[in-house]
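>>> I would like to see how this sequence folds:
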Amino acid sequence: MDVPEDMEVYEKYGISAYRQHILLRITQEAREQNALLTIKDLVRLLKTSTTWRKFI
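Purely as a prediction, here's the structure:
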């Protein structure tokens, strides 16, 4: 799932920027395919916990 640019962002800016970068890339790719992503999809794709959803 990672592309070379993802790791460059991680190495240069850290984990927060890495996740933001991946989120932007994935949502753009989904939009290009006319796909809708759920919160659960995003959590799974970002390999993170679902507990953060309570803060939305």
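>>> biggest helix in this protein by residues?
Taking residue count as the measure and DSSP state H as the definition, the longest helix of the chain comes out as helix 15-32.
>>> what about residue 18, how many neighbours?
Burial of residue 18, expressed as a neighbour count using other C-beta atoms under 10 Å, amounts to 19. Bear in mind the C-beta positions are built from the backbone N, C-alpha and C, glycine included.
>>> Without its sequence neighbours, what residue ends up closest to it?
Leaving out its chain neighbours, the residue that sits closest to residue 18 by C-beta to C-beta, 6 or more residues apart in numbering is residue 10, at 3.8 Å.
>>> wait, the one you found sits on residue 20?
No: when contacts are counted by C-beta atoms under 8 Å, residue 10 is not listed as touching residue 20 (10.8 Å).
>>> Look at these two and report which has more neighbours.
In this comparison of residue 10 against residue 20, neighbours counted by other C-beta under 10 Å, the higher total goes to residue 10 at 17 against 13.
>>> on contacts alone, who are the packing partners of the longest helix of the chain?
Judged by 3 or more C-beta pairs under 8 Å, 6 or more residues apart in numbering; DSSP states H and E, the packing partners of helix 15-32 are helix 4-13, helix 39-46.
>>> What mean pLDDT does the last one get?
Confidence over helix 39-46, taken as the mean pLDDT, stands at 83.
>>> And the residue most central in space within the chain, what's its pLDDT?
In the chain, the centroid-proximal residue (C-alpha atoms, centre = their mean) is residue 23; its distance is 2.6 Å. pLDDT, residue 23: 88.
>>> tell me the contacts of it?
Under the criterion of C-beta atoms under 8 Å, 6 or more residues apart in numbering, the contact list for residue 23 reads 42, 46.
>>> Any buried residues in stretch 29-44, and which?
Judged by neighbour count using 16 or more other C-beta atoms under 10 Å, the buried positions of stretch 29-44 are residue 42.
>>> Can I get that stretch in PDB? Just the C-alpha atoms.
Taking only C-alpha atoms (Å, rounded to 0.1, in the frame of the first residue of the first chain), the coordinates of stretch 29-44 have been written out as PDB:
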ATOM      1  CA  GLU A  29      -7.700   7.700  -5.200                       C
ATOM      2  CA  ALA A  30     -11.100   6.700  -3.800                       C
ATOM      3  CA  ARG A  31     -12.700   9.900  -5.200                       C
ATOM      4  CA  GLU A  32     -11.200   9.200  -8.700                       C
ATOM      5  CA  GLN A  33     -12.800   5.800  -8.600                       C
ATOM      6  CA  ASN A  34     -16.200   7.300  -7.300                       C
ATOM      7  CA  ALA A  35     -15.800   5.200  -4.100                       C
ATOM      8  CA  LEU A  36     -17.000   6.200  -0.700                       C
ATOM      9  CA  LEU A  37     -14.900   5.500   2.400                       C
ATOM     10  CA  THR A  38     -16.300   4.900   5.800                       C
ATOM     11  CA  ILE A  39     -14.500   5.800   9.100                       C
ATOM     12  CA  LYS A  40     -13.800   2.100   9.600                       C
ATOM     13  CA  ASP A  41     -12.200   1.900   6.100                       C
ATOM     14  CA  LEU A  42      -9.900   4.800   7.000                       C
ATOM     15  CA  VAL A  43      -9.000   3.400  10.300                       C
ATOM     16  CA  ARG A  44      -8.200   0.000   8.700                       C
END
